[in-house]
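Student: build me a structure from this.
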Amino acid sequence: MHSLVYATKMCSLGKVTDAWREFMKEQITRARFYFNLAEDGASQIHKASHWPVWSSLLLYRKILDAIEDNDYDNLTKRAFVGRIEKPVTLPSAYSSSCIVTTFNLH
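Tutor: Modelled structure (predicted):
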């Protein structure tokens, strides 16, 4: 809760401090954890959705990389995947979407 209050305050001030950077590092670590969990389920959804889901996973990971590249300044700098990098990522997403995995639910 404390970090949420702090984040709200820093966001409203538009200030990037060491504490903000630490907060963002924690949030990025948390997001990557959930992206990794999503990988496990991505191949279990309807086949027509595999490629779009994998594309989103890879592109959003690249946005997290861009936030890190911007020294965690997502208050005054835009983190994005460039126009050239997006289509270059799609073949990798497609190949990942073709891999079929199965869960052992026991």
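Student: name the residues of stretch 28-45 that are buried.
Tutor: Neighbour-count burial for stretch 28-45 flags 28, 35, 42-43 (criterion: 16 or more other C-beta atoms under 10 Å). (Each C-beta comes from the backbone N, C-alpha and C, glycine too.)
Student: what's the closest of the residues you listed to residue 8?
Tutor: Closest approach between these and residue 8, by C-beta to C-beta: residue 28, at 18.0 Å.
Student: so that closest one touches residue 67, yeah?
Tutor: Yes. Between residue 28 and residue 67 a contact is recorded at 6.5 Å, counting by C-beta atoms under 8 Å.
Student: for stretch 61-76, give me every contacting residue.
Tutor: With C-beta atoms under 8 Å, 6 or more residues apart in numbering as the contact definition, stretch 61-76 has outside contacts at 10-11, 14-16, 20-21, 24-25, 28, 31-32, 35, 77, 79-81, 85, 89.
Student: from these, list the buried ones, please.
Tutor: 10, 16, 20, 24, 28, 35, 79, 81, 89.
Student: next one: the third one, what pLDDT does it get?
Tutor: Okay, so that is residue 20. Looking at residue 20, its pLDDT is 91.
Student: tell me how far it lies from residue 27.
Tutor: According to C-beta to C-beta, to the nearest Å, residue 20 stands 10 Å off from residue 27.
Student: circling back: mind listing which of the buried residues of stretch 28-45 are in helices?
Tutor: Counting by DSSP state H, these place 28, 35, 42 in helices.
Student: need the per-residue pLDDT for the residue nearest to the first one when sequence neighbours are not counted.
Tutor: By that I understand residue 28. Nearest in space to residue 28, with sequence neighbours left out and distances taken as C-beta to C-beta, 6 or more residues apart in numbering, is residue 64 at 5.1 Å. Listed pLDDT for residue 64 reads 98.
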